[in-house]
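[1] sequence first, then the predicted structure, then my questions.
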Amino acid sequence: MASVSVSDNPTPLVRSVDRSTEGHDASLAARVFESIRDIRDPEHPNTLEELSVIDRRSVTVTEALPGAGLTWGTVSIAFTPTVPHCSLASLIGLSIRAKLEADNILSPASAPSPLGTTSGPGGEPPLPPVLAGGGGTGLLVGVPDATTTARNDTGRSPHGGVPRPPPRYYKLDVSVAPGTHATAAEITKQLNDKERCAAALENPNLQRMVAGCMPPLVVSLADR
Amino acid sequence: MATPTARSPQALALSATLTGHTGAVWCVAWSPEGGLLASAGADASVRLWAPPPGVLDGGRGLANGGVGRGKGPQDGPEVEAAGGGDGAEGSAAGWTCLSTVGGDVFPRTVRSVAWNPDGRTLAAACFDATVTILELLPGPPPSLVVAAVLEGHESEVKSVAWSSGGALLATASRDKSIWIWEVGGTSPDDVECVAVLTAHTADVKALAWHPAAELLASASYDDTVRVWAEDEDDWYATGVLSAHTSTVWGVAWESGGRPAPRLATVSDDRTVVVYRRVPPPVAGGEDRWVVVWRLGAEDSRRSGVDSVGVHRRPIYAVDWGRGGWIATACGDDCVRVFGPTRGVPPLPIVSDGWASDPDADIPPPLPPGPDACAAPTASDGPPAEEHSSTPVGGGGPPPVDGGNASATDPATDVDAASAVDADAFVLVGVAAPAHAGDVNSVAWHPVEGRVLASAGDDGAVRVWRLPGGG
């Protein structure tokens, strides 16, 4: 990847952020934004929020479609690079992904589950948690509780008559806001290719660059 | 045109959940005789799993080093033979992890594993740009050891695949190339590169060899599938398949010994496409690959597939089992199984010119399918879409009209639609969800036609059974 330089946009427009007027918002969208607003832009000593790369409206939460038998919702984040030819737009996108993974915001571990433990209706012991995360960062996720679908051997329709629990977790889509970058579609494509992202985040050079974008409180990402 | 009415798909029965990987599992692969299961993942390890003796191994009890258990209940439903009760969710049901090849061998994610058809070696694709050949030591108990490391790719290796005869190993990478390696056969490390194929314009994601001939299909981030053949040591692309509108993640040939196996492909665009190769009318003419079935969100209603049959996220893998079913692994956490619709006359089977025996085949036994309304006869209609082959390095493939039944020529609308549906599939089984995260891989058991394995971002490997049958 290109080394960090300030040549793309030496004098970005920086806005000041006044948090004293913000109310407390416990919604997922607010928590996601809280996690990513202070990520540093790779080229400037300012946060993504200060540079208007993202704002509260950049985060969209879509809950699971009822009746589709799915246990996940979607969080979509659309960001605007500082200039339309910003060469480090991919790095911004990767940093957003890495930060949310590190903060564990999108997994059910941080969301209250109305079903309590993951024991099935037959009263089996709770399932051992297995580790999740496309990037291998070790998010702890419960095995799906959909015992009525997985264990049913009688041919009953898997999606009939079962009460729909709220989503267990959220899948993340990161995109460059359309029209804000010369190669927005290409960057968006690779930011949503989890294999490319996973491989990139295994690269020590990229790990260092992503770590350099993290707000000061986060001192290190997962080891791998 | 009447749409087939689909009976509700059945829920796949979960036989076992295998835990141990400490990160996403990217790939599962059955040994050629089906007695062992290999998995590979983001925790930089390859694991070897064995079912309880008497299950899936033809009674040979491979986990016990070949001590037979006689005629076990392996013909019965897995839930009884598993020995772990009813395959309760989370239960390993008697499966064991025989061997783990870990961080001392692999410095980074292992993305894909593939067994040599002789069952003695396993190739592993690693993100460190190497391919490791592991040898299976019989034990007992069986274990894996490193036999060779193949270097050459410039970036992550995504896929490895052995030709059906075991003579060739193909490897694919983010460096856009496919390497063909020849296996000498004297020892596991007697492997040398004989060709580098460079027509793709972006990462090559997946590979699949034709079940009988040395014909290779490759799937790429450049949204295309290419089919490669060899002529006197020169490899060339015989076809460029462009029905997808985004990265193609998986490709699978129809198995079961058909003389003209179809090709199934799955993509980031959330669709499944099935192609049939039409041999050139004149010897030496161009191949044509015809789309004979397509399933996307907009196709579901026409295909009679209801909402759970629609893939909601990128589809990461596809496998076509000997039972005739197509299984998909999707980022919406589901495993789906599609079977041919009953009552639809198949297109006349002609040899695709690659397999040795051009005699008309007997279609594989159909699963208890839906009572489909008869579709219009398909045998006379012109193909809905054609994809001419282009020579390597030639111009881009012709643009594809998104797989819709409406062909560009209104006069051929009905014929086009009927041809597209002639090979229609319907959803016959589903695990929704199959994993607590994206499903990255599905693999049909090579012998037990209703058994399949899956791997997910949740770190789990699961073994399923499609209910029904004997």
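    Thanks, I have the structure now.

[2] all strands for chain A, in order.
    A:59-62, A:72-79, A:130-132, A:139-141, A:169-176 (DSSP state E).

[3] could you point out which of those sits nearest chain B?
    Closest to chain B of the strands of chain A, according to Cβ to the nearest Cβ: strand A:130-132, at 4.1 Å. Quick note: C-beta positions are derived from backbone N, CA and C, even for glycine.

[4] how about the contacts made by the closest residue to A:Asp103 other than its chain neighbours?
    Residue nearest to A:Asp103 in three dimensions, not counting chain neighbours: A:Ser35, with 4.7 Å by Cβ to Cβ, 6 or more residues apart in numbering or on different chains. Counting by Cβ atoms under 8 Å, 6 or more residues apart in numbering or on different chains, A:Ser35 touches A:99-100, A:103, A:105.

[5] tally of neighbours for B:Glu154?
    The tally of other residues near B:Glu154 (other Cβ atoms under 10 Å in any protein chain shown) stands at 10.

[6] quickly note the distance from the residue nearest to A:Asp103 to A:Arg97.
    According to Cβ to Cβ, to the nearest Å, A:Ser35 stands 11 Å off from A:Arg97.

[7] cool, B:Ile180 as well?
    35 Å.

[8] settle it for me: which of those two has more neighbours?
    Neighbour comparison, B:Ile180 and A:Arg97: the larger count goes to A:Arg97, with 23 against 20 (by other Cβ under 10 Å).

[9] picking up where we left off before, redo the contacts of A:Ser35 as CSV? Include pLDDT and neighbour count.
    Below are those laid out as CSV (pLDDT from 0 to 100; neighbours: other Cβ atoms under 10 Å in any protein chain shown):
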residue, pLDDT, neighbour count
A:Lys99, 96, 23
A:Leu100, 96, 22
A:Asp103, 92, 16
A:Ile105, 88, 21
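
[10] which ones among those residues lie within helices?
    Judged by DSSP state H, helices contain the following of the contacts of A:Ser35: A:99-100, A:103.

[11] so which of the residues you listed is the closest to chain B?
    A:Leu100 (14.9 Å).

[12] shouldn't the closest one be in contact with A:Ile36?
    Yes: between A:Leu100 and A:Ile36 there is a contact under Cβ atoms under 8 Å: 6.7 Å.

[13] all helices of the stretch 151-300 of chain B, in order?
    B:300-303 (DSSP state H, counting those that start in this stretch).

[14] run a quick neighbour tally on the nearest residue in space to B:Ala16 that is not next to it in sequence.
    With Cβ to Cβ, 6+ apart as the criterion, B:Ala16 has its nearest non-adjacent residue at 3.9 Å, and that residue is B:Ala93. Residues within reach of B:Ala93, counting by other Cβ under 10 Å, total 24.

[15] the helix or strand containing B:Ala443 pairs with which strands, and in what direction?
    In this structure, B:Ala443 sits in strand B:439-444 according to DSSP states H and E. Take DSSP bridges as the rule and strand B:439-444 pairs in its sheet with strand B:451-456 (antiparallel).

[16] point out the residues in the stretch 351-470 of chain B that sit beside chain A.
    Contact residues (Cβ under 8 Å from any Cβ of the partner chain) of the stretch 351-470 of chain B with chain A: B:430-438, B:457-460, B:467-468.

[17] rerun that using 10 Å as the cut-off
    B:368, B:429-438, B:440, B:456-462, B:464-465, B:467-468 (Cβ under 10 Å from any Cβ of the partner chain).

[18] so which of those residues are in strands?
    Per DSSP E, these map to strands at B:429-431, B:440, B:456, B:461-462, B:464-465.

[19] how about those, which pair is most distant?
    B:Asn440 and B:Arg465 (20.1 Å; Cβ to Cβ).

[20] out of those two, which sits in the more crowded spot?
    More crowded of B:Asn440 and B:Arg465, by other Cβ under 10 Å: B:Asn440, with 30 against 22.

[21] show me the contacts for B:Asn116.
    B:Asn116 is in contact with B:31-32, B:122-123, B:133, B:135-136, B:162-163, B:166-167, B:169, B:183, B:188, counting by Cβ atoms under 10 Å, 6 or more residues apart in numbering or on different chains.

[22] burial check on the closest residue to B:Ala206 other than its chain neighbours, number of neighbours?
    Of all residues not flanking B:Ala206 in the chain, B:Ala219 sits nearest, at 4.2 Å (Cβ to Cβ, 6+ apart). For B:Ala219, the neighbour count with other Cβ under 10 Å is 31.
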